[in-house]
Every structure is written in structure tokens, then in C-alpha cells.
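Asker: I need the structure of the sequence given here:
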Amino acid sequence: MKPVCVLGNGQLGRMLRQAGEPLGIAVYPVGLDAEPEALPIQQSVITAEIERWPETALTRELARHTAFVNRDIFPLLADRLTQKQLLDRLDLATAPWQLLASADEWPQVFTRLGELAIVKRRTGGYDGRGQWRLRATETATLPAECYGECIVEQGIKFSGEVSLVGARGHDGSTVFYPLTHNLHQEGILRTSVALPQPNYALQQQAEQMLSAIMHELNYVGVMAMECFIVPEGLLINELAPRVHNSGHWTQNGASISQFELHLRAILNLPLPVPVVNAPSVMVNLIGTEMNTEWLSEPLVHLHWYEKEVRPGRKVGHLNLSDTDKARLNTALAALVPMLPPEYASGIAWAQNTLR
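Answerer: Below is the predicted model of the structure:
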């Protein structure tokens, strides 16, 4: 089987490498400053764990590589302006939005979009960075360099946030996981819950939306779509052309993880629908030192990224899955005293979502 080179050597590349090992697939996560001649690039299929990258010797080499799957799609979706334009062209529901070109536009923005504006940098910005929530009296706080480099969206009153993780093969076939319910705090994903029998109408709507996007782009591999739940159904918030944080539960809660599914898709291997038999919970570990006491709980699977622990940094995650919701709730409750106090609300949210 062909080896796979992953542009980017963070935790997603690491987990792709781990997923490839049982299948005999050699996966090489590579940093942006790697020397091209030190890697089996010409014999490999190329993928990426990041959407944007600077020009280096490696990225110049990869820009010409015919086996760089989705190579031209990454920049399209990495820019929120062109991403939104794609969704508009496909007539897929999103929050009302516009390009924010100058400070003179603010009166018109609030007239059109309402009292709360969400400003997002077109490129970069993640985990709540590069985003501002502004009302009419607060626009002076927006840095001047944002004008022309940001879009502005209507602040949406939503009842929940969900994501759909799916994959498309070279032959155009698609498979999907059940919708994942997500809790964000300060722009960072804290906790995810996946149920084996999701809301049918929302699942169908999400699959139709993501299918339309992947088919339009002739995309191959795993893609994630984050959505708001509103009374009319789903509004697409953002797309990620890669494996995604909200799909980490699939490592222990599905017959095929999102990481294996991505490798299968890009290597043109069989792509069956992953089997999900039990509810699953994923708890992101953010700026938290490892505690081996977590492992005293038999349902807990620890995934540690071996990164320096810093405030706001994702350093690992905990997966829990069980067919018995009561047992799963008990395991979550047992984790609370083993984690810093700020995790309690996210675990309580997960327990409530499991009901």
C-alpha cells in the first residue's frame, strides 16, 4: 500500500499515523520546515491536517504533487469569504453575513444583521481566536487591520451546536457518522456527545448539506461540518476539510475511526458505513496536566498528545462509550473530582445530553 505524507505534525497527524499502523499503512506527519528529499514524497499520497501553510521548500514541492488529495480545496475553505460564497452558491443555509470592508459600514451592518455582530478573520483564527462579538457601542474595539480581512455574521440564537463528520471516496460514495452534539466555551470545543440514534430529520438535513458540498468540490476524504440548531433546522457555521476535533469520539465509539476512514478514502480502500452501537462522550483536555487517576475508570480511554501544557492548549482528550447510559453517567460523575473545576459544567452538559 502506498505511504501517506501528512502536511502538519500536530495531534491530528499523530492520530492518522496511529490509525494507519494496524492496516500496514505507513503515515508520515511532516512539519512545514521538513526537507522534501528526506521524505518518500514521490511515492506517497499527500494529505494535510491543516488548512493553511506558508511557502517553504516542502510546500513548494507539494504544490506540484499530483497525488496531493484536495490540494486546491484547502485554500478555498481556509478563507471564510470563499467558504461562505460556496455555501451561498449551493443555496445552503448559513447565518446572514457580509464582508466587512470599512468602519463606515457599521450602521448598515447592524441594520441588516441585528444587534449582535460576530466578526471573524477570513483566514487563521481558531479555538475562539480571531473572533469578536460586537454590539453597536463596541465597534471601536475592533483592530483597524481587520477591515477588509474579516467577515461579519449575524449573532444567531441557537438551541444547540452539532457537527457532522463524513467521508467521500474517489468513486463519489459517501458515508457519515451520527451527528455529534458539541459544547463550546470561549470558542473552544470542551465536550462532545454522540448518540447512535440521532434526530432523524436533522441527520438527513446534515447529510444532504455535506453531500452537496463534497460532491461540488469533488472532495475525497473526511470533512466536518459544524452547524447551529435553529427552529427551521440547521445553519452551517463552518467547514473543516480534514479530520476534526468533534470526531475524536469515533476512536473508541465507532467500528472505524474518522482517522482510519480518512486513510481508507484517500487510498481508495473500501468505505463501509461505520457502525455506532453506543453513546459516546469526548472530553477535551485543555491546558491540564496529565492525571493517571483518570485511568482508574474502566470506561475512560486517554489520548495524550505529548505536548507542552499551556493555558488554552489542547493537550489530549478522554473518550468514554457504553451501551448503558447509567453506567456512562456514573463514569462521567467519577471524573469530576479528578479534573479542574472548570470541567464540571461540560460534564454536566454531557450527562444532560445523554438523557
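Asker: just the element for the residue lying closest to Arg14 once chain neighbours are set aside, please.
Answerer: Excluding its sequence neighbours, the residue lying closest to Arg14 (C-beta to C-beta, 6 or more residues apart in numbering) is Pro29, at 6.1 Å. Every C-beta, even on glycine, is put in place using the N, C-alpha and C of the backbone. Assigned by DSSP states H and E, Pro29 belongs to strand 27-30.
Asker: so how far is the very next helix or strand once past that strand off the chain centroid?
Answerer: Once strand 27-30 ends, the next helix or strand along the chain (criterion: DSSP H and E) is strand 45-48. Relative to the chain's own centre, strand 45-48 is displaced by 17 Å; criterion: C-alpha atoms, centre = their mean, to the nearest Å.
Asker: which other helices and strands contact strand 45-48?
Answerer: Contacts defined by 3 or more C-beta pairs under 8 Å, 6 or more residues apart in numbering; DSSP states H and E place strand 45-48 against strand 4-7, helix 258-266.
Asker: ok, the shortest one: who's next to it in the sheet?
Answerer: It stands for strand 4-7. strand 27-30 (parallel), strand 45-48 (parallel) (DSSP bridges).
Asker: where do the helices of the chain begin and end?
Answerer: 11-20, 57-63, 73-78, 80-89, 106-113, 200-217, 250-253, 258-266, 325-335, 344-354 (DSSP state H).
Asker: and those as JSON lines, adding mean pLDDT and distance to Arg121?
Answerer: Compiled in JSON lines, the helices of the chain are given as follows (pLDDT from 0 to 100; distance: least, C-beta to C-beta, whole Å):
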{"stretch": "helix 11-20", "mean pLDDT": "97", "distance to Arg121": "21"}
{"stretch": "helix 57-63", "mean pLDDT": "84", "distance to Arg121": "21"}
{"stretch": "helix 73-78", "mean pLDDT": "94", "distance to Arg121": "11"}
{"stretch": "helix 80-89", "mean pLDDT": "97", "distance to Arg121": "7"}
{"stretch": "helix 106-113", "mean pLDDT": "95", "distance to Arg121": "16"}
{"stretch": "helix 200-217", "mean pLDDT": "98", "distance to Arg121": "22"}
{"stretch": "helix 250-253", "mean pLDDT": "98", "distance to Arg121": "29"}
{"stretch": "helix 258-266", "mean pLDDT": "98", "distance to Arg121": "26"}
{"stretch": "helix 325-335", "mean pLDDT": "97", "distance to Arg121": "35"}
{"stretch": "helix 344-354", "mean pLDDT": "98", "distance to Arg121": "26"}
